[in-house]
Structures are given as C-alpha cells and as structure tokens.
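Asker: just a sequence and a predicted model for now, questions to come.
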Amino acid sequence: DTAVSQTPKYLVTQMGNDKSIKCEQNLGHDTMYWYKQDSKKFLKIMFSYNNKELIINETVPNRFSPKSPDKAHLNLHINSLELGDSAVYFCASSQVGGGTQYFGPGTRLTVL
Amino acid sequence: GDSVTQMEGPVTLSEEACLTINCTYTATGYPSLFWYVQYPGEGLQLLLKATKADDKGSNKGFEATYRKETTSFHLEKGSVQVSDSAVYFCALTPQGGSEKLVFGKGMKLTVNP
C-alpha cells in the first residue's frame, strides 16, 4: 500500500545515454512533482504537474522531459545524460492548492 | 524570491540532549511552514507543519511554532534519541497555494548513545 513509489531505486548509466524514472501515487492527489537532491543534500523543485498539465518548470535543461500519462503517474525522461545529472531524484504528490506533499523513496542516478 | 535559511550542521549530540534547529524564512504574506526528515537511505517524511501564525506543529516529541514577527519556525525536542539521527529540512510553500516547496539546505543530526 505504498503511497508514492518510484522505479528504479538505483540507476547507473554512461554519459550520453537516455534514461527514464517512473513515479506512481495511489493517494488520489491531483498534483505531482519532481525534485532533485544534489550531493550536498540540497533539494530543489524541477517540475510540477496538476491534472496532467505542467504548472512549474524551474529552468531545468530541456534534456529533462516530464510526462504525465494520467494524474497518478509522472515520469521523468532524461536525454543525453551528463555527469552533473548525478543526484537523487524524488517524486512527490499533493492535493491541489499547496497541500502537504508526500515523497517517494527517491531514485539515485549515477552518470559515469 | 521566497527562501528558507536553516542551521546546516552537521550536529552531533548525546542521547537525551536537547535539540534546537533554527529556521527562518523570507516570503510575502503567510506561507505554510514544514519540517521534513530524511532518515539514512530513505526518502523525505513530513515531520510537522503549521499553516498560520502562532500555530504549533508537533509530532514524535518534536515541536515548532510559526512566529510571524520573527519569520521563524525553529524545531525543538527536549530529549533526542539515537533513532532521531537524520537530515532535517525546513521548508515553505508560498501563500496562495503555490505548488512548490522551497527547502532550506538541511541539517544532519547524529545522536550517539
């Protein structure tokens, strides 16, 4: 009965590859998010979707493309991976209107 | 823009010591304020929150009070346990239901037996 789940948990890949991270929530929330946590643990929002529509895009390179097939899923596709993309990526969800956000367990991406 | 400033640590305490983690914010109006905790190897969990001035959030022995006059939301616990070892993040969502959390830089706490 996991509330927010992400796959995979770990992802190791070479520079230049394309990869995807999947996120699903079973909380019935309308809004989903992607956050990036860097090596110093600093967390910053990347994207926010409300009912499958993009509402926040925080100057993320266009190599990153979120896709929301329905309001329970928000996947993150990354093209042409770079060393600086190595980080932990967290998915989160909330009710619309800025309610409490619930986080997934994170995906640790390592680009070699 | 909106921002959160918190103690960065790392901090090491002995079991049963008192804990205070300072957090101040910059935002217009009345943001909602949160403390999230990240245990080793895990994702973030909401620890407590407050949505209006003078509200006190509490959970697991932790408390924080929303102080509008000092724009602060300091986290306190009277007696920490080894199991409290984690990274603690102060965060806000801007007034008006904006859909993003703005985080402080996090503070790593280690509690030794």
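Answerer: Right, received. Where do you want to start?
Asker: excluding chain neighbours, what is closest to residue A:6?
Answerer: residue A:104 (4.1 Å; Cβ to Cβ, 6 or more residues apart in numbering or on different chains). Heads up, the C-betas are built off the backbone N, CA and C, glycines and all.
Asker: please name the nearest non-neighbouring residue to residue 56.
Answerer: No chain in the question, so chain A it is. In space, residue A:56 is closest to residue A:48, 3.7 Å off (Cβ to Cβ, 6+ apart).
Asker: try again with chain B
Answerer: Leaving aside its sequence neighbours, residue B:56 sits nearest to residue B:65 (Cβ to Cβ, 6+ apart; 4.7 Å).
Asker: touching, residue B:44 and residue B:35? I think so.
Answerer: No - the criterion here is Cβ atoms under 8 Å, and residue B:44 misses it with residue B:35 at 10.4 Å.
Asker: give the residues shared as contacts by the two.
Answerer: residue B:89 (Cβ atoms under 8 Å, 6 or more residues apart in numbering or on different chains).
Asker: roughly how far does the residue nearest to the spatial centre of chain A sit from chain B?
Answerer: In chain A, the residue lying closest to the centroid (Cα atoms, centre = their mean) is residue A:34, at 3.3 Å. Using Cβ to the nearest Cβ, to the nearest Å, residue A:34 is found at 11 Å from chain B.
Asker: now do residue A:31
Answerer: Counting by Cβ to the nearest Cβ - residue A:31 and chain B are separated by 6 Å.
Asker: follow-up on the earlier one: right, and the residue nearest to residue A:56 touches residue A:55 too?
Answerer: Yes - if you go by Cβ under 8 Å, residue A:48 and residue A:55 touch, sitting 5.1 Å apart.
Asker: between those two, tell me which one has more neighbours.
Answerer: Neighbours were counted for residue A:48 and for residue A:55 using other Cβ atoms under 10 Å in any protein chain shown; residue A:48 has more, 25 against 15.
Asker: can you name the helix or strand that that one falls in?
Answerer: Secondary structure assignment for residue A:48, by DSSP states H and E: strand A:43-50.
Asker: which strands and helices lie in contact with that strand?
Answerer: With contacts defined as 3 or more Cβ pairs under 8 Å, 6 or more residues apart in numbering or on different chains; DSSP states H and E, strand A:43-50 has these neighbours: strand A:31-37, strand A:53-57, strand A:64-70, strand A:73-78, strand B:102-103.
Asker: which of the ones you listed has the highest mean neighbour count?
Answerer: strand A:31-37 (a mean of 25; mean count of other Cβ atoms under 10 Å in any protein chain shown).
Asker: compute the inter-axis angle for that one and strand A:64-70.
Answerer: Here strand A:31-37 runs at an angle of 150 degrees relative to strand A:64-70 (axes from the mean of the first three to the mean of the last three Cα atoms, to 10 degrees).
Asker: from the contact counts, what lies against strand A:31-37?
Answerer: strand A:19-25, strand A:43-50, strand A:73-78, strand A:87-94.
Asker: for residue B:2, find the nearest of those strands.
Answerer: strand A:43-50 (11.5 Å; Cβ to Cβ).
Asker: so for that closest one, what gets flagged as buried?
Answerer: By 16 or more other Cβ atoms under 10 Å in any protein chain shown, the buried positions in strand A:43-50 come out as A:43, A:45, A:46, A:47, A:48, A:49, A:50.
Asker: now swap in stretch B:44-57 and tell me
Answerer: Neighbour counts using 16+ other Cβ under 10 Å place B:44, B:46, B:47, B:48, B:49, B:50, B:51, B:55, B:57 of stretch B:44-57 among the buried residues.
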